[in-house]
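*Asks:* got a predicted structure here, sequence first:
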Amino acid sequence: MQELQYLRGYPGHLTDKVQCMIGAQKLQPFLLEKYPAPHEIRTDKALYEYVMAIKNRAMQQSPPLSKVLFDAKIKMRNQALGVHKFISRVQGGNLKAKNEIRIASTFRSAPEPLLRMIVVHELAHLKEKDHNKAFYKLCEHILPAYHQLEFDMRLYLTHLDLSGPLYKKE
């Protein structure tokens, strides 16, 4: 049995089911049935508009975002799917703050619900810096299926590691 690095911390009965799916080569069909196509967001500009639409709908009172982009430097091995950066700079006598969201470029061809889950996760960091109870409550408030999508995203990453891209290039 191989170690499922993206499913560490999950109960044995779940990881055993995933191992069985992998052994029977049913993980890809399962994911394709649930998520038949990748999202259409390919550029940083489109990603910025997508993130801002979610932010404006769910978190109007949160600090503004200065930058949103896909980042090829984010490595999946470190369990980073996206990064929220808070940058403070002194300009004259004022302190200027900037918020950035960077999404791993691995998700440039992921299913849209999984991209949305990562965006919600990073947006929640605008209000809650730590992964605590309030953080996950905020994620669920913005995206009620957050925890299921997080698990599915981990299945997607497992598939990427074991078999490569989920969707065939056309």
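*Replies:* Thanks, I have it.
*Asks:* do you know how far residue 135 is from residue 122?
*Replies:* Noted for residue 135: a distance of 11 Å to residue 122, by C-beta to C-beta, to the nearest Å. C-beta coordinates here come from the backbone N, C-alpha and C atoms, glycine included.
*Asks:* can you get me the start-to-end distance on stretch 103-110?
*Replies:* 12 Å (C-alpha to C-alpha, to the nearest Å).
*Asks:* centre of the chain versus it, how much separation?
*Replies:* Relative to its parent chain, stretch 103-110 has a centroid offset of 8 Å by C-alpha atoms, centre = their mean, to the nearest Å.
*Asks:* and that stretch, what's buried?
*Replies:* If you call a residue buried by 16 or more other C-beta atoms under 10 Å, then stretch 103-110 has these buried ones: 103, 104, 106, 107, 108, 109, 110.
*Asks:* ok, residues contacting that stretch?
*Replies:* Outside stretch 103-110, the residues that touch it by C-beta atoms under 8 Å, 6 or more residues apart in numbering are 38-39, 41-42, 47, 68-72, 74-76, 80-82, 114-115, 118-119, 122, 153, 156-157, 160, 165-167.
*Asks:* returning to what we had before: residue 135 and residue 122: who's more crowded?
*Replies:* Between residue 135 and residue 122, counting by other C-beta atoms under 10 Å, residue 122 is the more crowded of the two (23 against 16).
*Asks:* right, and that one touches residue 101 too?
*Replies:* Yes - look at residue 122 against residue 101 with C-beta atoms under 8 Å: they come within range, at 4.6 Å.
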